[in-house]
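Trainee: give me coordinates for this.
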Amino acid sequence: MSSLAWIDFDEVERQRALRIMALLDEREGRDELGLGSIRDSIADHLFPGTSTIQTRLRYMLFVPWILRMLEGRDLSENQLRTEARGLEVRLADALSAGGERKGIIGRDAGARLQRLPSSVYWSGLGEWRIRTFPGSIDSLFASLPALKRGREESDEIRGSEGLDAVWARTLPAAPADLLQKAAFKLTVEEAQFIVDRLVNAQAGSLIAFLAREAMEVDCDYIWAHPRLVEFPGFARRLVGHGEIFSQVMHGAALLYNLTLSELRERDDWAEEYRRRMAAWSEEVWPTLARGWSLGEFWDAVKHPGHSIKPTAKRFVTEWLELIADGTPQIADLPAARRLVERRERQLKTTQSRYINRSVRDRWTGASGVNRLTFRWNQAKSHLKDLIDAE
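Mentor: Prediction:
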């Protein structure tokens, strides 16, 4: 049996563990070839504070509003945690009562809800400086009684160590009927607050720029944005690198699925992946003709929150070298197949689908087959919620 744990006060490790657990919950893992650190580095440069398990933007306000209901209560740490959970479950019911149908965290799970909205949005709340408390949510529950006592003993500490230090001072007030009937629609005041926090906390990010400019977001990929030329220079360059990286490595993911389909003796699956690889081959050559510099790419994607291992860099480099030769039959190139198999076996060891028959037989035919989007779907949803505020 394996397990995941983190030191309570290490918020970075806590959020990393939560991301891993989110992947483990999925029917098929999305990072079979170990590109996650590169993907997340790009995403965190462009769209910091977002994650693939976020749904709607107003949760960035729901979570503070709910936790503020507990401030000043004479409860122990464990009681606070239990009360908070109950309030978050009630929020799901309130959203259903308000007519919402999609994006409700815990809509079906109810009291059995495992991943609470507070855990999903906690990191983003900090990165956008909506949350000014520096620790984990468990640290907050442990600190609230002492913060309450400190506020009672001296009003002078308000705004520094008191309860006002947990959230941004300009946080809008919660609706009076929040836990009876709620909706995802932001008010204009709430939207402006979020934009202000974003610009204040992540001024150099693309999401802050797009939020401030209220740019339209109706495109499948960020590099297809109709106003790409207006992006800040750093963002245009990183988006350009991201587009090429996404397209180049998409071929490796397709080849992985093709070879597994053949091992499963599923001719129908294999035929579909051969078709997709042929289309990818035709599309990737013009991309490579643009003279992509891996050296510039590695410099651009460096991020303090992520460590890109040399083995990941080597895999990307070797894959690029193979397809740069212009081999049209990359799907059947022995060197390409060996490279993908070696990478997956290196990552999964005894759980590799290449060598573990029982694991392979449970494979359902698709693993990481979509192009990397660097959390653009989540950012796009959040931006739309800002634009649609009333």
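Trainee: any weak-confidence spans in this structure?
Mentor: Within the chain, the set of residues satisfying pLDDT under 70 comprises 1-30, 110, 147-164, 289.
Trainee: tell me which residue is most central in it.
Mentor: residue 51 (2.2 Å; CA atoms, centre = their mean).
Trainee: and that one, what element?
Mentor: Per DSSP states H and E: residue 51 is located in neither a helix nor a strand.
Trainee: thought it was touching residue 120?
Mentor: Yes. At 6.9 Å, residue 51 counts as touching residue 120 under the criterion of CB atoms under 8 Å. Every C-beta, even on glycine, is put in place using the N, C-alpha and C of the backbone.
Trainee: where along the stretch 151-300 of the chain do the helices fall?
Mentor: 188-201, 206-213, 233-263, 267-288, 294-301 (DSSP state H, counting those that start in this stretch).
Trainee: between the ones you listed, which one is closest to residue 137.
Mentor: Nearest of the helices of the stretch 151-300 of the chain to residue 137, taken as CB to CB: helix 188-201 at 18.6 Å.
Trainee: so what secondary structure elements neighbour that closest one?
Mentor: helix 59-68, helix 206-213, helix 376-387 (3 or more CB pairs under 8 Å, 6 or more residues apart in numbering; DSSP states H and E).
Trainee: same thing but at 10 Å, please
Mentor: Contacts defined by 3 or more CB pairs under 10 Å, 6 or more residues apart in numbering; DSSP states H and E place helix 188-201 against helix 59-68, helix 117-127, helix 206-213, helix 376-387.
Trainee: okay, now the closest residue to residue 222 other than its chain neighbours: neighbour count?
Mentor: Once flanking residues are discounted, residue 222 sits nearest to residue 376: 4.5 Å by CB to CB, 6 or more residues apart in numbering. For residue 376, the count of nearby residues is 26 (other CB atoms under 10 Å).
Trainee: correct me, but residue 77 touches residue 143?
Mentor: Yes. The criterion here is CB atoms under 10 Å, and residue 77 meets it with residue 143 at 8.9 Å.
Trainee: what's the spacing between residue 267 and residue 236?
Mentor: 44 Å (CB to CB, to the nearest Å).
Trainee: quick one: which of the two has more around it?
Mentor: More crowded of residue 267 and residue 236, by other CB under 10 Å: residue 236, with 15 against 10.
Trainee: contacts only, for that one.
Mentor: Counting by CB atoms under 10 Å, 6 or more residues apart in numbering, residue 236 touches 206, 223, 228, 229, 230.
Trainee: any idea which of the residues you listed is closest to residue 340?
Mentor: Nearest to residue 340 out of the contacts of residue 236 is residue 223 (CB to CB; 25.1 Å).
Trainee: skip the chain neighbours and tell me the closest residue to that closest one.
Mentor: residue 243 (4.0 Å).
Trainee: pull the contacting residues for the one you found.
Mentor: 221, 222, 223, 224, 287, 290, 292, 371, 372, 374.
Trainee: related to what we said a few turns ago, between the helices of the stretch 151-300 of the chain, which gets nearest to residue 31?
Mentor: Nearest of the helices of the stretch 151-300 of the chain to residue 31, taken as CB to CB: helix 233-263 at 9.8 Å.
Trainee: return the set of buried residues in the closest one.
Mentor: With burial defined by 16 or more other CB atoms under 10 Å, the residues of helix 233-263 counted as buried are 235, 238-261.
Trainee: how far does it sit from the chain's center?
Mentor: Remark: helix 233-263 is offset 18 Å from the chain centroid, using CA atoms, centre = their mean, to the nearest Å.
Trainee: quick one: it to helix 376-387, angle?
Mentor: Using axes from the mean of the first three to the mean of the last three CA atoms, to 10 degrees, the inter-axis angle of helix 233-263 relative to helix 376-387 is 130 degrees.
Trainee: tilt between helix 233-263 and helix 294-301?
Mentor: For helix 233-263 against helix 294-301, the angle by the same axes, to 10 degrees is 110 degrees.
Trainee: and residue 94, how many neighbours?
Mentor: So residue 94, with other CB under 10 Å, has 20 neighbours.
Trainee: no wait, residue 360
Mentor: By other CB under 10 Å, neighbour count at residue 360 equals 14.
Trainee: touching, it and residue 344? I think so.
Mentor: No. The criterion here is CB under 10 Å, and residue 360 misses it with residue 344 at 11.1 Å.
Trainee: identify the contacts common to these two.
Mentor: 260, 352, 353, 354.
Trainee: on that earlier part again, what sits against the residue nearest to residue 222?
Mentor: Per CB under 10 Å, 6+ apart, neighbours of residue 376: 43, 46-47, 50, 206-207, 217, 219-225, 239, 242, 383.
Trainee: got it, and residue 256?
Mentor: 32-33, 273, 337, 340-341, 343-344, 353-354, 367-369.
Trainee: filter these down to the buried ones, ChimeraX style.
Mentor: A single ChimeraX command selects the buried members of the contacts of residue 256 (16+ other CB under 10 Å):
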select :32,33,273,337,340,341,343,344,353,354,367,368,369
